[in-house]
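Student: fold the following and give me the result.
(chains A and B)
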Amino acid sequence: MIKAGQIDKGTALLIKGQPFICIDREFVNPGKGSAFVRLKLKSPSTGQVLQETMKSQDNAEDINVEMMDFQYMYNDGENFHMMNVDTYDQFEIPMANFPDYQYLMKDGETYRCTVYGDDVLDIQIPSKVVYLVAEAEEAIKGDTVQGATKYVTTETGLRVRVPIFIKQGEKIRVNTETKEYLERVNS
Amino acid sequence: MKAAKSRSLLYGSIRRFFDQRGYLEVETPSLSPDLIPEATIDDFGTTFINEFEGSRDMYMIPSPEVFMKRLIADGSGSIYQISKCFRNCEQIGEIHNPEFSMLEYYTVGYDEVDSIALTQRLLRETALPNCPQSVLEDFEILSVRDAIMRYTVPQYTNITDAGTTDLDMLQNPKDLREQAQRLGLYVPGPESWDDTFNRIFINFVEPNLPKDHPVCLVEYPKQIECLAQRNGNYRRRWELYINGMEVANCYLEERDVETVRAYYKEEYNKLVELRSQNGKVIPDADASFADIFDRFPKCSGVAIGLDRLLMVETGRCDIDDVLLFPFPL
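Tutor: Next comes the predicted model:
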């Protein structure tokens, strides 16, 4: 059991027998009332997102999960194929449960994963990641309406809006939550 | 620069607004040897060290109420203050900071309804340039009972057979709890009436309040103990929501010595019980405070969270965006 107030992003819970992972939490404090926490929970198997508001002192059923390091190998359009780097066991993880992750994960890279039984509940992607610019549009001269930005595509297929000086073959740091350009990385 | 200019402008206008109306600006201590007990507001405690007189516990004020009410009892007339307040809790987020700025004003001779009109004028006359229209619209006055009925219909709950949630018919904790469960809420077991009320309020009312105009929620349930005068099942208290966020709180101040004394006793017991379980600061409460009410005039007090007001007036969603130095985590 865990107190609702101690649930953090990434905490795995059992709700009506189904594993859910907390993807967002917000404290709400009614004037002159006990502290509450509003949780956004996601089911890794169905993708269902539900909102639960609990008193910080309420008990919730947390589940024992294992943290494992998985190497991302490839995706087949339906599943991510990943391998436990310690045991070499391979896992297939439905891509639908992790939308956009195919554009964020790099082939061969190792990611920390939250595993419950045979289910991968969470894949942790660092909040800032350096990507290679695989394709860059030519900047159009004199086009300053867009605040002098253009789109590039990273080696993972992620489209990012960047300042016009970014060229193909350069490296950029990206905020993986907002998918926004942060800075150019000089290698 | 993080709304520093806007804040300076806003404070200047607020001071002019009250000065023109004859209110006295006061400055009261941030450190107090005792606080008005409020079980749900966690406090910061510290120690005054004095080798000769002996050390003593002191507390950072969660609001300047304790001092401002003493001044009113002593005949200050209407007063206001812009002060720092401190609330110790784990809730750090987009609308909470452990240290925040509060505007508190007490108008002698006013009741809570007069304070609504005053606060509406305050918002309009002190508004920053470019303040969104949603802040300046007429307040919608809505009773808490009506708000609960309005937002517990199937459109908001997705539950068709829960019936009407009329607080007047649900005064018993068990009845309210069963209604909350019919509305699909998780209630772990028997709990106080106000805890169940807050579950309903936070799940259905707060998230659905209109955001295109301010809403003044009036007549809070009597079960939520506070120093606002009682009227039947309710208290003469209101809260102002702007953009769905609680920005102000107002009472018609309780003036009955025995009622205040009883409040101190009950609320302090509740506070001790709640906090001794988890090792939180238990501030001293001095029930002799109640004695000031034998000479306390009719009066209505309003507290406005200035950081939040600044947020809505400058269109920012995160309190850190109006703080020059956000709380370090």
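Student: which residue lies nearest the spatial centre of the chain?
Tutor: No chain specified, so I'll use chain A. A:I125 (5.4 Å; CA atoms, centre = their mean).
Student: oops, chain B please
Tutor: Central residue of chain B (CA atoms, centre = their mean): B:N249, at 4.2 Å.
Student: quick one: contacts for the closest residue to chain A within the stretch 151-300 of chain B?
Tutor: Residue nearest to chain A within the stretch 151-300 of chain B (CB to the nearest CB): B:N198, separated by 4.2 Å. (Each C-beta comes from the backbone N, C-alpha and C, glycine too.) Residues in contact with B:N198 (CB atoms under 8 Å, 6 or more residues apart in numbering or on different chains) are A:P30, A:G33, A:S34, A:F36, A:K55.
Student: need these in TSV (columns: distance to B:T119 and neighbour count).
Tutor: As requested, the contacts of B:N198 are exported to TSV (distance: CB to CB, whole Å; neighbours: other CB atoms under 10 Å in any protein chain shown):
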residue	distance to B:T119	neighbour count
A:P30	20	20
A:G33	22	19
A:S34	27	19
A:F36	26	26
A:K55	30	22
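Student: of these, which belong to strands?
Tutor: Among the contacts of B:N198, the ones falling in strands (DSSP state E) are A:F36, A:K55.
Student: restrict the contacts of B:N198 to those near chain B?
Tutor: A:P30, A:G33, A:S34, A:F36, A:K55 (CB under 8 Å from any CB of the partner chain).
Student: for the nearest residue to the second one once chain neighbours are set aside, what are phi and psi?
Tutor: Ranked by CB to CB, 6 or more residues apart in numbering or on different chains and with sequence neighbours excluded, the top spatial neighbour of A:G33 is B:N198, at 4.2 Å. As for B:N198, its main-chain torsions (degrees, to the nearest 10) stand at phi -60, psi -30.
Student: count of residues packed around B:L323?
Tutor: B:L323 is flanked by 19 other residues according to other CB atoms under 10 Å in any protein chain shown.
Student: ah, wrong one, I meant B:A285
Tutor: For B:A285, using other CB under 10 Å, the count is 18.
Student: so the residue nearest to the centre of chain B bridges to which residues?
Tutor: B:E239, B:A303 (DSSP bridges).
Student: residue contacts, it?
Tutor: A:G31, B:R237, B:W238, B:E239, B:L240, B:V302, B:A303.
Student: local confidence estimate at residue 65?
Tutor: Let's take chain A. According to the prediction, A:V65 has pLDDT 85.
Student: I was after chain B.
Tutor: On pLDDT, B:E65 comes in at 96.
Student: please tell me I have it right and it contacts B:I292.
Tutor: No. Contact between B:E65 and B:I292 fails when scored by CB atoms under 8 Å: they sit 11.9 Å apart.
Student: quick one: the helices in the stretch 101-250 of chain B, in order.
Tutor: B:112-125, B:133-136, B:144-151, B:154-157, B:173-182, B:193-200 (DSSP state H, counting those that start in this stretch).
Student: what about the fourth one, average pLDDT?
Tutor: Pointing back at helix B:154-157 there. The pLDDT scores in helix B:154-157 average 94.
Student: so what touches it?
Tutor: B:T160, B:A162, B:L183, B:G184, B:F204, B:N208.
Student: can you turn the buried part of those residues into a PyMOL selection?
Tutor: One line in PyMOL is enough to select the buried ones among these; burial here means 16 or more other CB atoms under 10 Å in any protein chain shown:
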select buried, chain B and resi 162+183+204
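Student: how many neighbouring residues does B:D318 have?
Tutor: B:D318 - counted by other CB under 10 Å - has 12 other residues nearby.
Student: go on, A:E66?
Tutor: 9.
Student: now do the nearest residue to it once chain neighbours are set aside, the pLDDT please.
Tutor: Excluding the flanking residues, the one nearest A:E66 by CB to CB, 6+ apart is A:V115, at 4.8 Å. Confidence at A:V115, expressed as pLDDT, is 88.
Student: what is the host helix or strand of A:V115 packed up against?
Tutor: Take DSSP states H and E as the rule and A:V115 turns out to sit in strand A:110-116. Judged by 3 or more CB pairs under 8 Å, 6 or more residues apart in numbering or on different chains; DSSP states H and E, strand A:110-116 is in contact with strand A:66-75, strand A:119-124.
Student: CA atoms only: put it into PDB for me.
Tutor: The C-alpha coordinates for strand A:110-116 follow below in PDB (Å, rounded to 0.1, in the frame of the first residue of the first chain):
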ATOM      1  CA  THR A 110      19.500   1.200 -23.800                       C
ATOM      2  CA  TYR A 111      16.500   2.400 -21.900                       C
ATOM      3  CA  ARG A 112      15.400   1.800 -18.300                       C
ATOM      4  CA  CYS A 113      12.000   0.100 -18.300                       C
ATOM      5  CA  THR A 114       9.400  -0.600 -15.700                       C
ATOM      6  CA  VAL A 115       8.300  -4.300 -15.900                       C
ATOM      7  CA  TYR A 116       5.400  -6.000 -14.200                       C
END
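Student: what strands flank that strand, and is each parallel or antiparallel?
Tutor: With DSSP bridges as the test, strand A:110-116 pairs up with strand A:66-75 (antiparallel), strand A:119-124 (antiparallel).
Student: give me the contacts around that strand.
Tutor: By CB under 8 Å, 6+ apart, strand A:110-116 touches A:10, A:12, A:19, A:21, A:63-72, A:82, A:85, A:105, A:120-125.
Student: repeat the analysis, applying 10 Å as the threshold.
Tutor: A:10-12, A:14, A:19, A:21, A:44-45, A:63-72, A:80, A:82-85, A:91, A:93, A:101, A:104-105, A:120-126 (CB atoms under 10 Å, 6 or more residues apart in numbering or on different chains).
Student: tell me which of the strands paired with strand A:110-116 sits most buried.
Tutor: With neighbours defined as mean count of other CB atoms under 10 Å in any protein chain shown, the strands paired with strand A:110-116 peak in mean count at strand A:119-124, which reaches a mean of 20.
Student: ok, then the element right after it?
Tutor: strand A:128-136.
Student: that next one near chain B at all?
Tutor: No. Strand A:128-136 is not in contact with chain B by CB under 10 Å from any CB of the partner chain; minimum separation 17.9 Å.
Student: can you list the domains in chain A?
Tutor: A:2-60, A:66-124, A:128-185 (automatic domain parsing).
Student: which ones are touching the closest residue to chain B within chain A?
Tutor: In chain A, the residue that lies nearest chain B is A:F27 (3.7 Å; CB to the nearest CB). A:F27 is in contact with A:5, A:35-38, A:56, B:89-96, counting by CB under 10 Å, 6+ apart.
Student: in strands only, show me these.
Tutor: Using DSSP E, the contacts of A:F27 in strands are A:F36, A:V37, A:R38.
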